[in-house]
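Asks: Okay, sequence plus prediction incoming.
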Amino acid sequence: MNWGTKIVLGMLTFMMFIVCMVVYMFHVHGRDALIEENYYEKGINYNAEYDAKQNVLNDHAKPKITVTKTQIIIQIKDPAAYELVLMRPANSDDDVKLKGSTSGTSNLILVDKTKMPRGMWFLNLSWRSSGKDYLFKNNITL
């Protein structure tokens, strides 16, 4: 093989590498957990989010979070309708979204964690109780 053939093969190998990287990046782009779909709307509605966070502080309504072997137990102060989002930074396919109302007299939210991968999770809990909106964000490790 002469030097001209080696240069052409080297260029073809490099071009194939670049094409494979582009295909891979487009494949990963849809599963990126760092970008939210509606981040413009969230920016516009930031005042409502700030007020909900302040309601948690002002009313001393910070939820109590307990992680056991099989479930996540969240206890809030008063009965409420809630929306819970557990986001995994490593892969957005693992995200868990739950809606409902608290159960029992202890106002519990129970989440089954047996099928959830171990690691760090972003917990985003919003609820409405007594005519007020509340928002609590925290990181938990399973």
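Replies: Noted; the coordinates are in hand. Please read these numbers as outputs of a predicted model, since none were measured by experiment. Numbering: from 1, shown residues only.
Asks: could you pull out the strands for this protein?
Replies: 64-67, 71-75, 81-87, 96-101, 108-112, 120-129, 132-141 (DSSP state E).
Asks: mind putting the ones you listed in a markdown table, mean pLDDT included?
Replies: Shown next, in a markdown table, are those (pLDDT from 0 to 100):
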| stretch | mean pLDDT |
| --- | --- |
| strand 64-67 | 91 |
| strand 71-75 | 91 |
| strand 81-87 | 92 |
| strand 96-101 | 90 |
| strand 108-112 | 90 |
| strand 120-129 | 91 |
| strand 132-141 | 92 |
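Asks: Select the longest helix from the protein.
Replies: In the chain, with assignment by DSSP state H, the single longest helix is helix 3-29.
Asks: Quick check: closest non-adjacent residue to Asn138.
Replies: Leu123 (4.9 Å; CB to CB, 6 or more residues apart in numbering). Bear in mind the C-beta positions are built from the backbone N, C-alpha and C, glycine included.
Asks: Quick one: neighbours of the one you found, just the number.
Replies: Per other CB atoms under 10 Å, the neighbour tally for Leu123 reads 19.
Asks: Equivalent analysis for Trp121, please.
Replies: With other CB under 10 Å as criterion, Trp121 counts 25.
Asks: That one pairs with what?
Replies: Trp121 has these beta-bridge partners by DSSP bridges: Ile140.
Asks: pretty sure it contacts Lys113?
Replies: No: here Trp121 lies out of contact with Lys113, judged by CB atoms under 8 Å, at a distance of 9.3 Å.
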